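> Okay, here's the prediction I keep looking at, along with the sequence it came from:
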Amino acid sequence: MPEQEFTETTSKEATVPEINSQTGTITKLQPPAQPQDEWLKYGEQISSFLASLPEYVGNFFNQYKQPLVSVGLIVGAIVGVKVLLAVLDALNDIPLVAPTFELIGIGYSAWFVYRYLLKASTRKELTTEITTLKSQVVGKQVPEA
């Protein structure tokens, strides 16, 4: 069997240049951009945003104060009605409470009709009281009767 002859071939891509040309010295290679540098950059952006956040919120509130207060009152009223309905539902589950409330309501309605609606003089008194209460709520002066 004949032996094959192998010739050694080298390519330019396969050769690695000598990094350390002097003996006893080590050359440091620059590593690619470290992820810590990116995290620091993001951290600085977040901290600058958080530092200016109170100013943004203050400007936003000053610019939209009236609509925000209106929305807050509406949400508060909705929550209040929901709580009131939940309390009344809980009270209605107690035996004899619902009929008692109905009797109290019927009695008050009968008293109100007797007190304010049967006679013309008491109806005038009621309209005067309503006008006075309305002017106190709205803030206008009451005309003298």
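That came through fine. Numbering: from 1, shown residues only.
> sec struct for residue 95, please.
Here residue 95 is recorded as coil under DSSP: H, G, I helix; E, B strand; the rest coil.
> and it, what does it touch?
Under the criterion of Cβ atoms under 8 Å, 6 or more residues apart in numbering, residue 95 has no neighbours. In this view, the C-beta of every residue, glycine as well, is placed from N, C-alpha and C.
> By mean pLDDT, flag the weakest helix or strand of the chain.
Within the chain, no helix or strand scores below helix 35-63, which has a mean of 89 by mean pLDDT, DSSP states H and E.
> centre of the chain versus that helix, how much separation?
Relative to the centre of its chain, helix 35-63 is centred 19 Å away, using Cα atoms, centre = their mean, to the nearest Å.
> Now the element after it, going C-ward?
Tracing the chain past helix 35-63, the next element assigned as helix or strand by DSSP states H and E is helix 65-92.
> so that following helix versus helix 35-63, what angle?
If you take axes from the mean of the first three to the mean of the last three Cα atoms, to 10 degrees, helix 65-92 sits at 90 degrees to helix 35-63.
> and the next helix or strand after helix 65-92, what does it pack onto?
Later in the chain than helix 65-92, the nearest helix or strand by DSSP H and E is helix 97-112. Helix 97-112 sits against helix 65-92, with contacts defined as 3 or more Cβ pairs under 8 Å, 6 or more residues apart in numbering; DSSP states H and E.
> List the buried residues for the helix it packs on?
Buried residues in helix 65-92, counted by 16 or more other Cβ atoms under 10 Å: none are found.
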